[in-house]
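Q: Mind folding the following:
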Amino acid sequence: MRLVVWLALLSLMLSGCSGVGMGIPSTPGAFLDAPGGKTFDPIESLDPRNSMVYIYRPITRWGYEEVQAPVFFLDSTQLFGLKAGAYSWLELPAGTHEFYARRPLSVLYLKMVFDMDLKIEGGKDYYFRYSELSPLDLTEIVANPEEYQQSGPLQQVPKAIALREIADLRLDEPGVYYADRMNKEP
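A: Model prediction:
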C-alpha cells in the first residue's frame, strides 16, 4: 500500500513539473560525462538586433565530482545543464528575461541555485561566469561593479576576463537560438 502511495505522489510531482516547462533532468555531471565539444570560439548573432550571451563554468575539482549538473532555464523553458569545464551560449532579443538555474536530484529539481531578471540590450555580447566555489570580487576588477548583473553563483564579467577563462573550456551542449521564440511573425 505504501508503495502505491509513493508512486502516486511521484507521478503527481513529475506531472506538475512538466506543466511549467520543466522536463526530467537529463544533465549528467562531469563525473559521468566530461565535456567533449570544441573549445570556445565566439559566434556571430543571426540578427544584429539580438545579443549573444555566453555562460561558462570554470574547472574545479568539486565540479568534476558532480553527478548531475545544474540546469538553466529562460522564461520557464529548460535550456541546458552546465558542467564544470564547459560553456554554452544563447542568442537573445533585447529585453528582460527570467533566467534561473535549479539543481536536480535524479528526476526532481530540488534547489533553486539562482534567479535573476536578465537585462539584455540588443547588439551586445554578454559573458556570465557560474562558480559556486570561487566567485570573482568585481570590486577589485572593474570601476563600477553595479553595472554588472549578478545573482548567487552567476556573475556577469568583463569580456577580457571571460575570454581568458573560457579559452580552454568545451562546448558541452549546443547553444540556443532563443530569439525566434519571442517573435510571432512568420
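
Q: hey, let's count contacts and neighbours off CA atoms from now on
A: Fine.

Q: quick one: low-confidence parts of the chain?
A: Across the chain, the ranges flagged by pLDDT under 70 are 1-26, 28-35, 60-67, 106-108, 179-186.

Q: All the strands of it, in order from the start?
A: Secondary structure of the chain by DSSP state E: the strands cover 51-57, 71-74, 77-81, 86-92, 95-105, 108-120, 125-130, 150-151, 154-156, 170-171, 176-177.

Q: who's in contact with the most centrally placed residue in the chain?
A: Computing the C-alpha centroid of the chain and ranking residues by Cα atoms, centre = their mean puts residue 72 first, at 3.9 Å. Counting by Cα atoms under 8 Å, 6 or more residues apart in numbering, residue 72 makes contact with 78-82, 99-102.

Q: What I need now is those written out in TSV, including distance to residue 162 and neighbour count for each item.
A: Shown next, in TSV, are the contacts of residue 72 (distance: Cα to Cα, whole Å; neighbours: other Cα atoms under 10 Å):
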residue	distance to residue 162	neighbour count
78	24	19
79	21	21
80	20	23
81	19	25
82	16	28
99	20	18
100	20	22
101	20	23
102	23	21
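
Q: I'd like these as a markdown table, with distance to residue 118 appended.
A: Below are these laid out as a markdown table (distance: Cα to Cα, whole Å):
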| residue | distance to residue 118 |
| --- | --- |
| 78 | 15 |
| 79 | 15 |
| 80 | 17 |
| 81 | 18 |
| 82 | 18 |
| 99 | 6 |
| 100 | 9 |
| 101 | 12 |
| 102 | 16 |
